[in-house]
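Engineer: can you look at this prediction? I've put the sequence above it.
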Amino acid sequence: PEAYFRIGDIHFNNKNYRDAEKAYLRVIESDYKKLRVNAHYMAGWSLYKQGMYEEGLNYFFTVLDETLSASANLDSLDPSHQQLVNDTLHSMSLALVHNGGAEYIKNIGKLAKRNYVWLVYEDLGQHYLEKERFEDSAETYRQFVTQHSSSQKAQELHGKLIDVYIQGGFPMQALQEKERFVELYGLRSGYLGLGKKIAPDLAPTIKSYLEELANFYHADAQQHLKMAGNTDPKVNGDKYQSINEMSTASFKKAAGFYSDYIQAFHDDAKVAEMTYLRGETYFSSKQYQRSIKDYESVAYQLDDVADKQQKSEAGYAAIIAYKNLIDGAGKASRKGKAYQEQAVASMFLFAGTFGDDERSPAVLTNAAEYLFSLQKFEQALEVADELINGSDEHDVSLRKAAFGIKAHALFNLDDYQGAERAYITQRNLVKSTPEEYARISERIAASIYKQAEALVKDEKHSDSVAKLMRIKSLAPDTSIRVSAQYD
């Protein structure tokens, strides 16, 4: 057998490949174990040189099968066998290029069922990549991922597939494969029998991809929304509808990726940001109730992962979403009134939590308007007292707004004396425009005038006169002052 092997080498070196093949076959037929594997390797090359790629691949397969029968881990082999396996893999790649590429691998004996088959795909994919045949390289890795999706090596070769597109300058194809990566190995994939869990070694990659995909589809949806805004539905209705449908689909995808991130990495520092952004996708797609849930979660629940600025922005966004719900339903409708009640609760929660936010006074004013339209003056009074009692003495803006709400509520409850006191306290806190001072003064005068009217009804004319004259001293520049003196 050794003599035949040497004869085979001589023929091979002299490029007499047919004779070399015959010599190597004599070694193989002798079943001489010392040279059996090497004889298969050289027989494969002899056939390759003759252009008989299909036959040569079967001999190369035998080399791998006998060398890697115990393990598909190259590191467990001695250096000489490692070199032989690497040479064989490279030889197979060259033969496969001439024989249909990755598509042909399943036709090589029982190779497709071997646990080391991934090595063949990996080497062929790398070979194509080195030749800058990017799509062929990507397709090679894709074939393995598709046909061996449950393999522990599937995610590794899928990662190489993505890297091929990145290296080749195909960002959209890379993004599409990242989306498929998440589907195959993410939260609901059941990969490796983990159920709704992600393999620990894949978690950093999945997390990165989820954020990238969510941001991409969010931006894509916003871009289509802008395009829809610049399209006249009366002039081009079909185009307008198509753009809106694409926007809706992208918002839905973005929300889904944000949701997967939140569920899979619920203790992560970016959960609040992801929750807020998901709320933004719901808001932009007019799913206001869902957006409110996310905004309020960030504002009032995710204390460990949301900073104060982020929380206040989310709280205010929830209020805007409530406004859109109310405007859509109509204030006077049953739904509109229910939304107003919910909005009021959210507004007071905002003001109580973020009292130093410059928007708090305006929020409280809007809350009061909703309460007054609902004729819930007692509730407005209770909340105003809570805000007053819970606020800092130095929080002038908040206290001024709270005393204004209290005064309005008391006035509507016919407690004009209490309203007068609350308005006076509110006016004492005014350090802004003369218009604001004058407006509160008018309300003070109206409260006193109402007290005087009540005294007249009780025929307490002297007391009534005293009340009317107080308007001159407390609110001398008001429109009621002249009427009060006349009366």
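Structural biologist: Yes, it's here.
Engineer: is residue 51 in a helix, a strand, or coil?
Structural biologist: The three-state label given to residue 51 by DSSP: H, G, I helix; E, B strand; the rest coil is coil.
Engineer: how many other residues sit next to it?
Structural biologist: Neighbour count of residue 51, defined by other CB atoms under 10 Å: 11. Bear in mind the C-beta positions are built from the backbone N, C-alpha and C, glycine included.
Engineer: then the one 3 residues further on?
Structural biologist: Neighbouring residues of residue 54 were enumerated by other CB under 10 Å; the total is 15.
Engineer: do the same with the one 5 residues further on
Structural biologist: Other residues near residue 59 number 26, with proximity taken as other CB under 10 Å.
Engineer: before we move on, which element is it in?
Structural biologist: Remark: residue 59 resides in helix 53-67, with elements defined by DSSP states H and E.
Engineer: tell me the mean pLDDT for that helix?
Structural biologist: Helix 53-67 carries an average pLDDT of 93.
Engineer: so what secondary structure elements neighbour it?
Structural biologist: In terms of contacts (3 or more CB pairs under 8 Å, 6 or more residues apart in numbering; DSSP states H and E), helix 53-67 is packed against helix 33-49, helix 79-97.
Engineer: pick the most deeply packed of those helices.
Structural biologist: Among those, helix 33-49 has the highest mean neighbour count (mean count of other CB atoms under 10 Å), at a mean of 21.
Engineer: ok, and the closest non-adjacent residue to the residue nearest to the spatial centre of the chain?
Structural biologist: Closest to where the C-alpha atoms of the chain average out (CA atoms, centre = their mean) is residue 258, at 2.6 Å. Leaving out its chain neighbours, the residue that sits closest to residue 258 by CB to CB, 6 or more residues apart in numbering is residue 278, at 3.7 Å.
Engineer: repeat that for residue 328.
Structural biologist: Using CB to CB, 6+ apart, the closest residue to residue 328 is residue 288 (7.9 Å).
Engineer: what about the one you found, distance to residue 322?
Structural biologist: Distance of residue 288 to residue 322, given as CB to CB, to the nearest Å: 8 Å.
Engineer: got it, and residue 252?
Structural biologist: The span separating residue 252 from residue 322 equals 23 Å under the rule CB to CB.
Engineer: the two: which is more packed in?
Structural biologist: Counting neighbours by other CB under 10 Å for residue 252 and for residue 322 shows that residue 322 has the greater number, 25 against 15.
Engineer: wait, isn't the more buried one in contact with residue 338?
Structural biologist: No. Between residue 322 and residue 338 no contact is recorded; they are 10.8 Å apart, counting by CB atoms under 8 Å.
Engineer: contacting residues for the residue nearest to the centre of the chain?
Structural biologist: For residue 258, the contact set (CB atoms under 8 Å, 6 or more residues apart in numbering) comprises 210, 214, 274-275, 277-278, 281.
Engineer: again, 7 Å this time
Structural biologist: By CB atoms under 7 Å, 6 or more residues apart in numbering, the contact set of residue 258 is 214, 274, 277-278, 281.
Engineer: next one: residue 396
Structural biologist: Contacts for residue 396 (CB under 7 Å, 6+ apart) come out as residue 429.
Engineer: residue 401: neighbouring residues, count only.
Structural biologist: Count around residue 401 with other CB under 10 Å applied: 26.
Engineer: could you report the pLDDT at it?
Structural biologist: Predicted confidence (pLDDT) at residue 401: the value is 84.
Engineer: report the secondary structure state of it.
Structural biologist: Assigned with three-state DSSP, residue 401 falls in the helix class.
Engineer: right, and it touches residue 365 too?
Structural biologist: Yes. Residue 401 is in contact with residue 365 according to CB atoms under 7 Å; the separation is 6.2 Å.
Engineer: can I get the helices and strands packed on helix 53-67 in CSV with mean pLDDT and distance to residue 350?
Structural biologist: Output for those, formatted as CSV (pLDDT from 0 to 100; distance: least, CB to CB, whole Å):
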stretch, mean pLDDT, distance to residue 350
helix 33-49, 94, 75
helix 79-97, 94, 64
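Engineer: may I see these organised as CSV, with distance to residue 263 added?
Structural biologist: Shown next, in CSV, are the helices and strands packed on helix 53-67 (distance: least, CB to CB, whole Å):
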stretch, distance to residue 263
helix 33-49, 51
helix 79-97, 40
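Engineer: figure out which of those is closest to residue 354.
Structural biologist: Taking CB to CB, helix 79-97 is the member of the helices and strands packed on helix 53-67 nearest to residue 354, at 63.1 Å.
Engineer: contacts only, for the closest residue to residue 59 other than its chain neighbours.
Structural biologist: Sequence neighbours aside, residue 44 is the residue nearest to residue 59 in space, at 3.5 Å (criterion: CB to CB, 6+ apart). By CB under 7 Å, 6+ apart, residue 44 lies in contact with 56, 59-60, 91.
Engineer: could you identify the pair within those that is furthest apart?
Structural biologist: Within the contacts of residue 44, 59 and 91 form the most distant pair, 9.5 Å apart (CB to CB).
Engineer: which residues does the helix holding residue 59 contact?
Structural biologist: Here helix 53-67 makes contact (CB under 7 Å, 6+ apart) with 37, 40-41, 43-44, 47-48, 81, 84-85, 88, 91-92, 95, 98-99, 108-109, 111, 114, 116.
Engineer: which parts of it are buried?
Structural biologist: Across helix 53-67, burial judged by 16 or more other CB atoms under 10 Å covers 53, 55-65, 67.
Engineer: rebuild the residues you listed as a markdown table, extending it with distance to residue 168.
Structural biologist: Listed next are the buried residues of helix 53-67 as a markdown table, based on distance: CB to CB, whole Å:
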| residue | distance to residue 168 |
| --- | --- |
| 53 | 27 |
| 55 | 33 |
| 56 | 30 |
| 57 | 27 |
| 58 | 32 |
| 59 | 33 |
| 60 | 28 |
| 61 | 30 |
| 62 | 35 |
| 63 | 32 |
| 64 | 29 |
| 65 | 33 |
| 67 | 33 |
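Engineer: let me know the closest of those to residue 142.
Structural biologist: The shortest gap between residue 142 and any of the buried residues of helix 53-67 belongs to residue 57, at 20.7 Å (CB to CB).
Engineer: which helices and strands does the helix or strand containing residue 155 pack with?
Structural biologist: In the assignment (DSSP H and E), residue 155 maps to helix 154-168. Applying 3 or more CB pairs under 7 Å, 6 or more residues apart in numbering; DSSP states H and E, one finds that helix 154-168 contacts helix 117-130, helix 134-147, helix 171-185.
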